[in-house]
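Undergrad: make a model of this:
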Amino acid sequence: MENIVETAGDLILFYGIKVLMAVVIFVVGKMVAKWLRGVVETMLQKKEMDVAIQRFVSALVYYALITFVVIASLGQLGIHTASFVAVIGAAGLAVGLALQGSLANFAAGVLILIFKPYRVGDFVEVAGVSGTVVSVLVFTTELNTGDNKRIIIPNGQTMGGTITNYSTNDTRRVDLVMGIGYSDDIDKAKKVLEDIVAADDRILKDPAPTIAVVELADSSVNFVVRPWVNKADYWGVYFGLTETVKKRFDQEGISIPFPQSDVHMHQVASND
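TA: Sure, this is the predicted structure:
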């Protein structure tokens, strides 16, 4: 009888220690998981990440650690955890396959928020669409087009192609091509173009504008006019120069060639 009591006492002590250790592992592990979640949130806040990204990533880290802590606690109790790990892995694979499109958009959204190829307010061209960035969300990017249409683009498509950001640099170059007739005076036309560019206060002196003959086309001698402007003045200068050049060329008697067709009509005499 005493042997049975001693054996029972040993078993209670043995399993009691296991249960106690499992509880300690769970409690300490949970505390560590909360601490690491706070560390991750702080790091993301310092990088000025989107709030949604902060919450998602910190929660992902927390629950991943909690899962590891639970498995470690069960292992301490002598429970075989290999089957649990296999089930969790299979479930993760199934969820990943089912949501691969959404996960790709999410991953692209995280990359956009980290590397910031564009920000809210930038004028960009992405996925074949041009517009002003209205918002950058976890799964999508929203643009407003020039005619005030709202375009919603999945982030996977955005990061999967070329991104052209017209707002990143403070200055831009205006590229215009102006043609004159072969019978017109090249030096005079060039001087007129230089005067027009010099008279526009929006055009920067440095870098200096480029005005040069670029092509002897089929029906015209083409000049390139390439002034540098602040990005906010780009379209104003583009439209303004085009109009001013036409008016000044008219005043100076410089022709701007345009396609023409000559139609010749022949009268055929009747045999009657």
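Undergrad: ok, Met43 - contacts?
TA: Going by C-beta atoms under 8 Å, 6 or more residues apart in numbering, Met43 touches no other residue. Every residue, glycine included, has its C-beta placed from N, CA and C.
Undergrad: can you give me the strands in the stretch 1-150 of the chain?
TA: With DSSP state E, counting those that start in this stretch, the ranges of strands along the stretch 1-150 of the chain come out as 123-126, 129-136, 140-144, 150-154.
Undergrad: what comes up buried for stretch 155-170?
TA: For stretch 155-170, the neighbour count (16 or more other C-beta atoms under 10 Å) marks Asn155, Gly156, Gln157, Thr158, Met159, Asn165, Ser167 as buried.
Undergrad: cool, stretch 30-42 as well?
TA: Residues of stretch 30-42 classed as buried: Lys30, Ala33, Arg37, Val40, Glu41 (neighbour count, 16+ other C-beta under 10 Å).
Undergrad: test my guess that the first one contacts Phe68.
TA: No - with contact defined as C-beta atoms under 8 Å, Lys30 does not count as touching Phe68 (11.0 Å).
Undergrad: for the stretch 51-200 of the chain, what spans make up the helices?
TA: Ranges of helices within the stretch 51-200 of the chain are 51-76, 82-98, 100-115, 155-159, 186-199, based on DSSP state H, counting those that start in this stretch.
Undergrad: for the record, mean pLDDT for the second one?
TA: This points to helix 82-98. Helix 82-98 shows a mean pLDDT of 59.
Undergrad: for the helices of the stretch 51-200 of the chain, which has the smallest mean pLDDT value?
TA: The stretch with the lowest mean pLDDT among the helices of the stretch 51-200 of the chain is helix 82-98, at a mean of 59.
Undergrad: buried residues, stretch 199-214. List them.
TA: So, applying 16+ other C-beta under 10 Å, buried residues of stretch 199-214: Asp200, Ile203, Pro209, Ile211, Val214.
Undergrad: ok, residues contacting it?
TA: For stretch 199-214, the surrounding residues in contact (C-beta under 8 Å, 6+ apart) are 171, 177, 186, 190, 193-194, 197, 221-230, 233, 236-237, 240-241, 244.
Undergrad: run the last query once more with 7 Å
TA: 171, 186, 190, 193-194, 197, 221-229, 233, 236-237 (C-beta atoms under 7 Å, 6 or more residues apart in numbering).
Undergrad: if any of those are buried, put those into a PyMOL selection.
TA: The PyMOL selection below is limited to those of the contacts of stretch 199-214 classed as buried (16+ other C-beta under 10 Å):
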select buried, resi 190+193+197+221+223+225+226+227+228+229+233+237
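Undergrad: domains in the protein, as residue ranges please.
TA: Annotated domains of the chain cover 2-98, 118-165, 171-252 [automatic domain parsing].
Undergrad: pick out the shakiest of those domains, pLDDT-wise.
TA: Across the domains of the chain, domain 2-98 gives the lowest mean pLDDT, at a mean of 70.
Undergrad: how close does the residue lying closest to Phe249 once chain neighbours are set aside sit to Gly179?
TA: Closest residue to Phe249 apart from its sequence neighbours, by C-beta to C-beta, 6 or more residues apart in numbering: Ile256 at 5.8 Å. According to C-beta to C-beta, to the nearest Å, Ile256 stands 6 Å off from Gly179.
Undergrad: higher neighbour count, these two?
TA: Gly179 (19 against 14; other C-beta atoms under 10 Å).
Undergrad: so Thr171 bridges to which residues?
TA: Asn230 (DSSP bridges).
Undergrad: please list all residues in contact with the closest residue to Pro117 other than its chain neighbours.
TA: In this structure, Pro117 finds its nearest non-sequential neighbour in Ile163, 4.9 Å apart by C-beta to C-beta, 6+ apart. Ile163 makes contact with Pro117, Tyr118, Val124, Val126 under the criterion C-beta under 7 Å, 6+ apart.
Undergrad: which of those residues sits closest to Phe249?
TA: Val124 (35.1 Å; C-beta to C-beta).
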